[in-house]
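Visitor: The amino acid sequence is not available; the structure is as follows:
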Ligand code: PHE
C-alpha cells in the first residue's frame, strides 16, 4: 500500500499509451503490463489511491481511474493481437511446416563393377584366397618381361599399351606404362613372398584401343594365383568350377579350350554356359616355368596356376548390359539400376 498522493489517471493513461506503441515484442508487452497494470503498477496505484480521497471526490476519481484502466487493458489486448499477427506473417514467409513428411535424401549405389568384384572376391576368400592390390602405373619389367614377354616378342601385340614418358631409358625407349592386365602382380607377389601362395588381385587395367560396345580403354580384371608344391591343372579346374557354380548357379557348366598366353603353359580360356551359349569369361593356365624362374622360384619344386577375368564382362552377362561403355559413362539412369 502506498501513501503517495493520488496521481492523475489521465496523465498516466497517456504516458502508458505512448509506451505501449513502442513495445514491439511479447516481452516488451509483458514488461509494460507489469509497469502499469501489475499488482503495484502505476494505474493500479491510482485506483488504490481513490479510497484515500475525501468522499465527495471519490466517485468521479474512481470512475476516471476505472475508465483509464479499461482503456489500457483494451489497448494491451489489441497490441498483443497485432504483434502475434506480425509474427505469424514472418513465419509464413519462410514457411516450415514441421508436420510434412521428410523428403528422402537420394541414396548412393554401388557401381555394377564394384558389386561383381565384391561378389567374386567373397567367393575366392571362401576358398582361402587372400586379396591384394598393386600399381596401375607399372614397369615394363613386371607387365611384360617377367611374364615371359621379352622386348619385341610378338605377344606384345596382344596388349595395346599406353606408354608413359616417365623413366625413358638412355636410348629413349619406354620403361613405364599403364598396366594392360593385372598379371604383373603375379610377378610382384612371387618376388616378395614364398609359397604357398593363394591370392586374387582386383584392379584397373588400361589398353590403348578404339572403344566399341565390347572394348573399353579402361576396365577391371581380377587376377588369381596359386603356387605351391604339387599344384596341378586339376586344382585350377576345380577352383574355377567352384567359382562358376557360386557365381552363376549350381547347374552351371564350364568349358575349357586351349588358348595362348605367354605366361602360362598350358593355357586355356574358360567359358560358361549361359542361356544356351558358351561365353568366355577368363583366361587361365599353369604358371610358365620361365615366370616362376624370373621370380626366383625353382620350377622343379613349385608349380602354380593363374587366371585373369574381366568383371565388366561378367556384369554384362549377369545384368544383360549390351554395351561396355555404359560402365564409365556416369549416366545415373544406368547407375541407379544396381544395388
Ligand atoms: N592377363 C591375361 C589377359 O589380360 C589373362 C590371363 C591371366 C591369362 C592369367 C592367363 C593367366 O588377357
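Guide: Okay, I see it. Note that the structure is predicted; figures quoted are calculated from it, not measured.
Visitor: The stretch 1-150 of the chain against the ligand: which residues are in contact?
Guide: Where proximity means C-beta under 6 Å from any ligand atom, the stretch 1-150 of the chain presents no interface facing the ligand. No exception for glycine: its C-beta is placed from N, CA and C like everyone else's.
Visitor: what about the helices in the stretch 1-150 of the chain?
Guide: 9-22, 26-37, 42-49, 55-93, 112-126, 140-143 (DSSP state H, counting those that start in this stretch).
Visitor: Can you lay out those helices as JSON lines showing mean neighbour count and distance to residue 103?
Guide: Output for the helices of the stretch 1-150 of the chain, formatted as JSON lines (neighbours: other C-beta atoms under 10 Å; distance: least, C-beta to C-beta, whole Å):
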{"stretch": "helix 9-22", "mean neighbour count": "15", "distance to residue 103": "43"}
{"stretch": "helix 26-37", "mean neighbour count": "16", "distance to residue 103": "33"}
{"stretch": "helix 42-49", "mean neighbour count": "19", "distance to residue 103": "53"}
{"stretch": "helix 55-93", "mean neighbour count": "13", "distance to residue 103": "20"}
{"stretch": "helix 112-126", "mean neighbour count": "18", "distance to residue 103": "27"}
{"stretch": "helix 140-143", "mean neighbour count": "20", "distance to residue 103": "50"}
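Visitor: host element of residue 269?
Guide: Secondary structure here is read from DSSP states H and E; on that basis residue 269 sits in strand 264-274.
Visitor: Can you mark which positions in stretch 243-258 are buried?
Guide: Buried residues in stretch 243-258, counting neighbours by 16 or more other C-beta atoms under 10 Å, are found at 243, 244, 245, 246, 247, 248, 254, 256.
Visitor: among those residues, which are in strands?
Guide: For the buried residues of stretch 243-258, membership in strands holds for 254, 256, with DSSP state E as the criterion.
Visitor: what's the closest of the buried residues of stretch 243-258 to the ligand?
Guide: Looking at the buried residues of stretch 243-258 and their distance to the ligand, the nearest is residue 256, at 12.1 Å (C-beta to the nearest ligand atom).
Visitor: Now do the contacts for that closest one.
Guide: With contacts defined as C-beta atoms under 8 Å, 6 or more residues apart in numbering, the neighbours of residue 256 are 237, 268, 269, 270.
Visitor: Equivalent analysis for residue 141, please.
Guide: Counting by C-beta under 8 Å, 6+ apart, the residues that residue 141 touches are residue 175.
Visitor: Can you give me the distance of it to the ligand?
Guide: Using C-beta to the nearest ligand atom, to the nearest Å, residue 141 is found at 16 Å from the ligand.
Visitor: same deal with residue 104?
Guide: Distance from residue 104 to the ligand, by C-beta to the nearest ligand atom: 42 Å.
Visitor: From the centroid of this protein, which residue is nearest?
Guide: With distances taken as C-alpha atoms, centre = their mean, the residue of the chain nearest its centroid is residue 108 (5.6 Å).
Visitor: Show the pLDDT at that one.
Guide: In this prediction, residue 108 carries a pLDDT score of 89.
Visitor: can I get the helices of the stretch 1-150 of the chain in CSV with mean pLDDT?
Guide: As requested, those are arranged in CSV below (pLDDT from 0 to 100):
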stretch, mean pLDDT
helix 9-22, 88
helix 26-37, 90
helix 42-49, 87
helix 55-93, 85
helix 112-126, 98
helix 140-143, 98
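Visitor: Now for the buried residues of stretch 243-258: which two are most distant?
Guide: Put simply, by C-beta to C-beta the two of the buried residues of stretch 243-258 set farthest apart are 246 and 256, 18.1 Å from each other.
Visitor: Which elements pack onto the strand holding residue 269?
Guide: Helices and strands touching strand 264-274, as assessed by 3 or more C-beta pairs under 8 Å, 6 or more residues apart in numbering; DSSP states H and E, comprise helix 233-248, strand 254-259, strand 277-287, strand 303-309.
Visitor: Show me this structure divided up by domain.
Guide: The chain breaks down by automatic domain parsing into domains covering 6-94, 112-335.
Visitor: worst average pLDDT in those?
Guide: Within the domains of the chain, the stretch with the lowest mean pLDDT is domain 6-94, showing a mean of 86.
Visitor: Please identify the most buried of the helices and strands packed on strand 264-274.
Guide: Compared across those, strand 303-309 shows the largest average neighbour count, a mean of 24 (mean count of other C-beta atoms under 10 Å).
Visitor: could you point out which element follows it?
Guide: Using DSSP H and E, the first helix or strand after strand 303-309 is helix 311-319.
Visitor: Next, the buried residues of that next one.
Guide: Of the residues in helix 311-319, those buried by neighbour count under the rule 16+ other C-beta under 10 Å are 311, 312, 313, 314, 315, 316, 317.
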